[in-house]
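Engineer: Attaching a predicted model along with its sequence, questions to come.
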Amino acid sequence: MKKVVFLTGAGMSVESGLSTFRGSGGMWNEYKIEDVASIEGYERNPALVLEFYNKRRQELLTVAPNEGHRLIAELEKHNEVVVVTQNVDDLHERAGSTNVIHLHGELMKATSTDSPNNLSYVRTLNQENLEIKIGDKADDGSQLRPYIVWFGEAVPMMEDAVLALRDADAFVIIGTSLNVYPAAGLLNYAPAGIPIYLIDPNDVQPYLPARIKVIKSGASEGMKSLFALLSGEH
Ligand code: APR
């Protein structure tokens, strides 16, 4: 295989100890999406939203990439690999992936409330300055906010993801319920004729196109079974 494109979701990071959003134990059972993951929720109660992401950033420091992340990174030795992810964690990068497109933003980055997609205002947070508080300012003087794409906001990186998929030789979907658009719509841009694999221990979407080869397992097990095939070792 020459160019492999991935679409990953919260299930990719389950074996690292991070929870999914939907299904048992999912984050949306504990919080209401509209309170902590929507632009209306942020405008209504910014302190609650800042606290939600401060907690997720603290948690992110305590987890590590899993075997699935590592195998995806290892594919780069023999293939061109693009990882399109809905995840805001940095586990793909920490595993060694060098070409990651974050459709829904990045937990370890912060931006301006007035111009969230102006990259000159995006800054990287680190262990020393992990939290964002009310009163912290971006360089344009507006309140600093998480560099996260909230429900109700545009998904600027979708165009890059569609372009990346256009000349792929294989497309691998891991750990996403394919519930959220436009991310889930990436499937429609897969070139005709290339193999599409979907790795998930549960049934995803009742009406998956027949051409998709489903591997009913967790991310690490699924990547182990696919690795030789994807890396063109045979
Ligand atoms: N390995 C692989 N997949 C797994 C594993 C595992 N060990 N455990 C669970 N899964 C699967 C679940 O079966 C489910 O299909 O991961 C998927 C997680 O789905 P969601 O919780 O809906 O997460 P995701 O699809 O990433 O959500 C998309 O919704 O709330 C928004 O912005 C948020 O990016 C997120 C988007």
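Structural biologist: Thanks, I have it. For clarity, every value in this text was computed on a predicted model and none was experimentally measured. Numbers count the residues shown, from 1 in each chain.
Engineer: Number of residues surrounding W150?
Structural biologist: The tally of other residues near W150 (other C-beta atoms under 10 Å) stands at 20. For every residue, glycine as well, the C-beta is placed using N, CA and C.
Engineer: begin at 48 from here
Structural biologist: All right, first residue 48 from here; so that's W197.
Engineer: Contact partners for it?
Structural biologist: W197 sits next to A84, S85, I86, G88, Y89 when contact means C-beta atoms under 8 Å, 6 or more residues apart in numbering.
Engineer: now N126
Structural biologist: Applying C-beta under 8 Å, 6+ apart, the residues near N126 are M48, K49, K50, V51, L277, S278, G279.
Engineer: any idea how far it is from G58?
Structural biologist: 22 Å (C-beta to C-beta, to the nearest Å).
Engineer: For this structure, give the strand that spans the most residues.
Structural biologist: Longest strand in the chain by number of residues (criterion: DSSP state E): strand 152-159.
Engineer: by contact count, what packs against the helix or strand following it?
Structural biologist: Remark: after strand 152-159, the chain's next helix or strand is strand 170-171, criterion DSSP states H and E. Contact partners of strand 170-171 among helices and strands, from 3 or more C-beta pairs under 8 Å, 6 or more residues apart in numbering; DSSP states H and E: strand 152-159.
Engineer: same thing but 6 Å
Structural biologist: Taking 3 or more C-beta pairs under 6 Å, 6 or more residues apart in numbering; DSSP states H and E as contact, there are no helices or strands that strand 170-171 lies on.
Engineer: quick one: the following helix or strand past it to strand 152-159, angle?
Structural biologist: Using DSSP H and E, the helix or strand that follows strand 170-171 in sequence is strand 191-195. Relative orientation of strand 191-195 versus strand 152-159 (axes from the mean of the first three to the mean of the last three C-alpha atoms, to 10 degrees): 150 degrees.
Engineer: Given strand 191-195, what are its sheet partners and their directions?
Structural biologist: Strand 191-195 has the following sheet partners, assigned by DSSP bridges: strand 152-159 (antiparallel).
Engineer: Send over the strand it pairs with as CSV, restricted to the C-alpha atoms.
Structural biologist: The C-alpha trace of strand 152-159 is given here as CSV (Å, rounded to 0.1, in the frame of the first residue of the first chain):
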residue,chain,number,x,y,z
GLY,A,152,-9.3,21.0,17.4
GLU,A,153,-6.6,20.2,20.0
LEU,A,154,-6.9,20.0,23.8
MET,A,155,-3.3,21.2,24.3
LYS,A,156,-3.9,24.4,22.4
ALA,A,157,-5.7,27.7,23.2
THR,A,158,-7.0,30.5,21.0
SER,A,159,-8.8,33.8,20.9
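Engineer: Could I get the phi/psi values of E77?
Structural biologist: The phi/psi pair for E77 (degrees, to the nearest 10) reads phi -100, psi -40.
Engineer: what number of residues lie near it?
Structural biologist: As a burial measure, E77 scores 9 neighbours (other C-beta under 10 Å).
Engineer: could you list every residue that touches the closest residue to the ligand within the chain?
Structural biologist: Minimum separation of the chain from the ligand (C-beta to the nearest ligand atom) falls at G58, amounting to 2.2 Å. By C-beta atoms under 6 Å, 6 or more residues apart in numbering, G58 lies in contact with T67, G222.
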